[in-house]
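S.K.: just coords:
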């Protein structure tokens, strides 16, 4: 009871909402670069896109560290510190995965980016767009959590679709690819892409927990 009364009369610091929005926008920008890179087939171009993705990933790291720093300096936060920390960290993890996938494309220089890889990249971009929209809802979702719930569900559906794309591709890869080196390169790239959709889905799971606690 004392804590609820305290929370009612002491204003909460809202600066975390724009910071999380900025972080999610950085991840969205990185995903767009990844998708665009797959429309090309030259290693030099992939390396150029990788440099841009790497810069976006660094910006995400800096934004995440700023959020952590603000958590240590803020008396009353809008959610539990652990929730804000975990949410920022999970969004940053999506950027890290995008960076990892782009890095593998640039370094491994596969003969071709498979269509399944392009499909996964599109799903990743859709997922980051949902995360960005979810951050727009975060400050006021307690009044009407249905939209935020819908974004979480869509993130989970994207992850399921990505699993299907990945599993089908792997079956075809081992049946059709005769070059062992090319098989290994492509498999690793596809794994990173699929793991990125897992990371985006994890953001949705954390948001679901926040909805349960604060809606």
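M.R.: Sure thing, it's come through. A quick note: this is a predicted structure, and the numbers were derived from the prediction, not measured.

S.K.: low pLDDT regions in the chain?
M.R.: 1-13 (pLDDT under 70).

S.K.: If we use 80, what do you get?
M.R.: 1-13, 215 (pLDDT under 80).

S.K.: I'd like to know how far residue 86 sits from residue 152.
M.R.: 15 Å (CB to CB, to the nearest Å). C-betas here are computed from N, CA, C, even on glycine.

S.K.: higher neighbour count, those two?
M.R.: Ranked by neighbour count (other CB atoms under 10 Å), residue 86 and residue 152 place residue 152 first, with 23 against 17.

S.K.: Quick check: which element contains residue 48?
M.R.: helix 43-73 (DSSP states H and E).

S.K.: How about residue 163?
M.R.: Going by DSSP H and E, residue 163 is in helix 146-176.

S.K.: Kindly report the same for residue 20.
M.R.: Here residue 20 is assigned to helix 16-37, by DSSP H and E.

S.K.: can you give me the angle that helix makes with helix 43-73?
M.R.: If you take axes from the mean of the first three to the mean of the last three CA atoms, to 10 degrees, helix 16-37 sits at 170 degrees to helix 43-73.

S.K.: buried sites along the helix or strand just after the helix holding residue 48?
M.R.: Remark: after helix 43-73, the chain's next helix or strand is helix 81-108, criterion DSSP H and E. For helix 81-108, burial by neighbour count (16 or more other CB atoms under 10 Å) applies to 83-106, 108.

S.K.: ok, then the element right after the helix holding residue 163?
M.R.: Next along the chain after helix 146-176, with elements defined by DSSP H and E, is helix 180-214.

S.K.: Which strands or helices does that following helix pack on?
M.R.: helix 81-108, helix 115-137, helix 146-176 (3 or more CB pairs under 8 Å, 6 or more residues apart in numbering; DSSP states H and E).

S.K.: The most centrally placed residue in the chain: what's it in contact with?
M.R.: Per CA atoms, centre = their mean, the C-alpha nearest to the average position across the chain is that of residue 94, at 3.1 Å. By CB atoms under 8 Å, 6 or more residues apart in numbering, the contact list for residue 94 reads 27, 31, 127-128, 131, 196, 199-200, 203.
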